[in-house]
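can you look at this prediction? I've put the sequence above it.
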Amino acid sequence: MIISLDELYHSELFFLPVMDKNARLVGLEIIATFATEDGAARMPTELLAPRLSAEEQCSLFVEKLALLETCQHFFIQHKLIAWINLTPAISESLLLDSELFSRTVRFPFLELAISENYPGLNLGKENQTLANLAMHFPLMLANFGTGEASTRAIFDAIFRRVMLDKNFIQQRAEMISFEPFMRAIVSQLSSSCESLMITGIDSEAMFTRTAPLGFSAFQGGLWPPVPVNQLIKLVQR
């Protein structure tokens, strides 16, 4: 996808690994960055997201689906999960566009990631859009702990998985109460979802510290994103 800002940027897609406590691959999040044609400047989607139209958001989602289709046998063979971010605009299109719905639902290993700032998240299962999405697709709360939403949607069992927010983790990692606090979160939420995941794992020391705390999967700078042609290396370690 190409977008025009002060100059033209094109999207580049990568796979961000998610590991278990033994550093074995369990899934991959498909992420995007945008680069100028000469590659001199790059921006993550998070910086561009407010400037993307609904049509551009949907185009990027379709681009991710197309990439996933090219490597779906890798996911099936290695029993991996794929995650793609879902914005409100994409949600609406997904429920209204039968072609997009069919193209998305055909991947049995695909889960859709929703952020805490998703409109009406605090309504839980009373949010009709979320309830409809959860009926057809496994959902993941991608950044629990930002402070933008309550735990209601989690306790309403809207999400199959919950990923703790990177900043939430790294701020509390400096406190001596970090370990018991994390264990308390696991104890409180684990009965309301299939698995709890943690991000912000940017070093071996942080991985060693969090691995015994009861989380099912880990993500962070310790395992950088890779292009599609390097996926096989992630299962050869």
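That came through, no problem. Residues are numbered from 1 along each chain as shown.

now do the strands in this protein.
2-4, 8-19, 25-36, 42-44, 81-85, 110-114, 139-144, 161-164, 195-198, 217-218 (DSSP state E).

what's the closest of those strands to residue 207?
Closest approach to residue 207 among those (CB to CB): strand 217-218, 6.4 Å. The C-beta positions use only the backbone N, C-alpha and C, and glycine is treated the same way.

centre of the chain versus that closest one, how much separation?
When distances are taken as CA atoms, centre = their mean, to the nearest Å, strand 217-218 is centred 12 Å away from the chain's centroid.

what's that strand packed up against?
strand 8-19, strand 195-198 (3 or more CB pairs under 8 Å, 6 or more residues apart in numbering; DSSP states H and E).

picking that back up, of all the strands of the chain, which lies closest to residue 57?
With CB to CB as the criterion, residue 57 lies closest to strand 81-85 of these, at 9.4 Å.

now do that closest one against strand 8-19: the angle between them, please.
Comparing the axes of strand 81-85 and strand 8-19 via axes from the mean of the first three to the mean of the last three CA atoms, to 10 degrees yields an angle of 140 degrees.

just send the strands of the chain back as TSV, with mean neighbour count, distance to residue 230 and mean pLDDT too.
Below are the strands of the chain laid out as TSV (neighbours: other CB atoms under 10 Å; distance: least, CB to CB, whole Å; pLDDT from 0 to 100):
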stretch	mean neighbour count	distance to residue 230	mean pLDDT
strand 2-4	11	24	57
strand 8-19	19	8	90
strand 25-36	21	11	92
strand 42-44	13	18	73
strand 81-85	23	16	98
strand 110-114	21	21	98
strand 139-144	24	23	96
strand 161-164	25	23	97
strand 195-198	24	22	97
strand 217-218	23	20	98
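
just to revisit the earlier point, of all the helices and strands packed on strand 217-218, which one is nearest residue 225?
Minimum separation from residue 225 across the helices and strands packed on strand 217-218 (CB to CB) falls at strand 8-19, 3.8 Å.

can I get that closest one as CSV, trimmed to CA atoms?
Extracted as CSV, the C-alpha positions of strand 8-19 are listed here (Å, rounded to 0.1, in the frame of the first residue of the first chain):
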residue,chain,number,x,y,z
LEU,A,8,5.2,8.9,-0.7
TYR,A,9,5.5,6.0,1.7
HIS,A,10,4.9,2.3,1.0
SER,A,11,4.0,-0.4,3.5
GLU,A,12,6.4,-3.2,4.4
LEU,A,13,5.1,-6.1,6.4
PHE,A,14,7.0,-8.1,9.1
PHE,A,15,6.2,-10.9,11.5
LEU,A,16,6.7,-10.2,15.2
PRO,A,17,7.4,-13.5,17.1
VAL,A,18,5.6,-14.6,20.3
MET,A,19,7.4,-17.2,22.4
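
where are the low-confidence patches of this structure?
1-7, 39-40, 237 (pLDDT under 70).

ok, which stretches of it are helices?
Assigned by DSSP state H, the chain shows helices spanning 45-48, 54-70, 72-77, 88-96, 98-105, 128-136, 152-155, 166-172, 178-189, 204-210, 231-234.

in the fifth one, what counts as buried?
Yep, that's helix 98-105 we're talking about. 100, 103, 104 (16 or more other CB atoms under 10 Å).

still on that earlier bit, who wins for proximity to residue 228 among the strands of the chain?
That would be strand 8-19 among the strands of the chain, by CB to CB, at 6.8 Å.

how close does residue 140 get to residue 99?
24 Å (CB to CB, to the nearest Å).

likewise residue 17?
Applying CB to CB, the value for residue 17 to residue 99 is 31 Å.

what's the answer for residue 47, then?
Using CB to CB, residue 47 is found at 30 Å from residue 99.
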